[in-house]
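Asker: below is the structure, and that's it, no one-letter string:
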């Protein structure tokens, strides 16, 4: 038995494995290894080295590439301990430095989805799902929120055994028919076929219809739902008695669910010139070009459009 004592004698919050064992306390982060890297750790050869001083929350970290991503003691900051090929600490980086508002009042859970986009998902204290795409090879570090009509209470990702899409599941509390209902929902895999697109919450796919009336929608009773009918958008429907009626009755594949709006905001535009940094200078744009994937349209403007 070996006692780990940090500078303030704080309790251990988590332990994780990379090439060595790592631990986080409320005050510091540690690397635990043997004096000889080729030997197993024993009471007589164990060595403990401080590798960080941010302090950790009681939340298990996730292993992403060559690093460990963890939540700090206040629940607001997300940091990464990254290591080189020899196992030595390379960086101790604050990943929220350029988006310090993204974690709200705090993070309470974290998971990692390897495929398709190397994304760390987190649940905030207020029930908002937050994501962070971490792809060092392509120099991508992107934060986003994933709002939904409800409160996300838990998130988990498991490996699928393929390189296409790892399952990502959430527990979300929604108000349906005036009552709190908890759903276990799974993120739909990405598809290049528009008839297989989902892009809705609490969605359901139907492939066998006996007529224009869709049954079995009790889980969205009283809700206004979006409908994709063989890849085409129908008018919104209201679920009544667990049913709604389609406009187009020649249906082979139907997807319906709750609507959400995907919004993207660019960083301030810059260009190089003799006048120096153009970030603070007035600009005039005559046109824009936007490349999208798996989209049937959208809107753009100076401010977020509400109509």
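Answerer: Yep, that arrived. Remember, predicted model here, so these are calculated numbers, not experimental data.
Asker: sec struct for residue 120, please.
Answerer: Of the three states, residue 120 takes strand according to DSSP: H, G, I helix; E, B strand; the rest coil.
Asker: hey, what's it bridged with?
Answerer: Applying DSSP bridges to residue 120 gives these bridge partners: residue 112, residue 132.
Asker: going forward, begin numbering at 427 instead of 1
Answerer: Sure, I'll start numbering at 427, so the last one becomes residue 546.
Asker: excluding chain neighbours, give the residue nearest to residue 643 in space.
Answerer: residue 665 (4.7 Å; C-beta to C-beta, 6 or more residues apart in numbering). Just so you know, the C-beta spots here come from the backbone N, C-alpha and C atoms, and that holds for glycine as well.
Asker: from residue 679, how far out is that neighbour?
Answerer: 19 Å (C-beta to C-beta, to the nearest Å).
Asker: neighbour-wise, which of these two wins?
Answerer: Neighbour totals were compared for residue 665 and residue 679, and residue 665 leads with 20 against 16 (other C-beta atoms under 10 Å).
Asker: just to check, residue 473 is in contact with residue 460?
Answerer: Yes. Contact criterion C-beta atoms under 8 Å: residue 473 and residue 460 qualify, at 6.8 Å.
Asker: looking at the two, which one has more neighbours?
Answerer: Between residue 473 and residue 460, counted using other C-beta under 10 Å, residue 460 has the larger neighbour count: 16 against 13.
Asker: identify the bridge partners of that one.
Answerer: Beta-bridge partners of residue 460, as defined by DSSP bridges: residue 472.
Asker: got a list of what the nearest residue to residue 461 once chain neighbours are set aside touches?
Answerer: Leaving aside its sequence neighbours, residue 461 sits nearest to residue 471 (C-beta to C-beta, 6+ apart; 4.7 Å). Residue 471 makes contacts with 460, 461, 462, 465, as judged by C-beta atoms under 8 Å, 6 or more residues apart in numbering.
Asker: show me which pair in the residues you listed is furthest apart.
Answerer: The span of the contacts of residue 471, defined through C-beta to C-beta, is set by 461 and 465 at 7.8 Å.
Asker: could I get the full set of strands for the stretch 627-733 of the chain?
Answerer: With strands called from DSSP state E, counting those that start in this stretch, the stretch 627-733 of the chain shows them at 627-632, 639-640, 650-655, 658-659, 663-664, 670-671, 680-684.
Asker: any chance of those in CSV, with distance to residue 714 too?
Answerer: Below are these laid out as CSV (distance: least, C-beta to C-beta, whole Å):
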stretch, distance to residue 714
strand 627-632, 29
strand 639-640, 39
strand 650-655, 27
strand 658-659, 24
strand 663-664, 34
strand 670-671, 38
strand 680-684, 30
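Asker: tell me which of these is the most buried.
Answerer: strand 680-684 (a mean of 22; mean count of other C-beta atoms under 10 Å).
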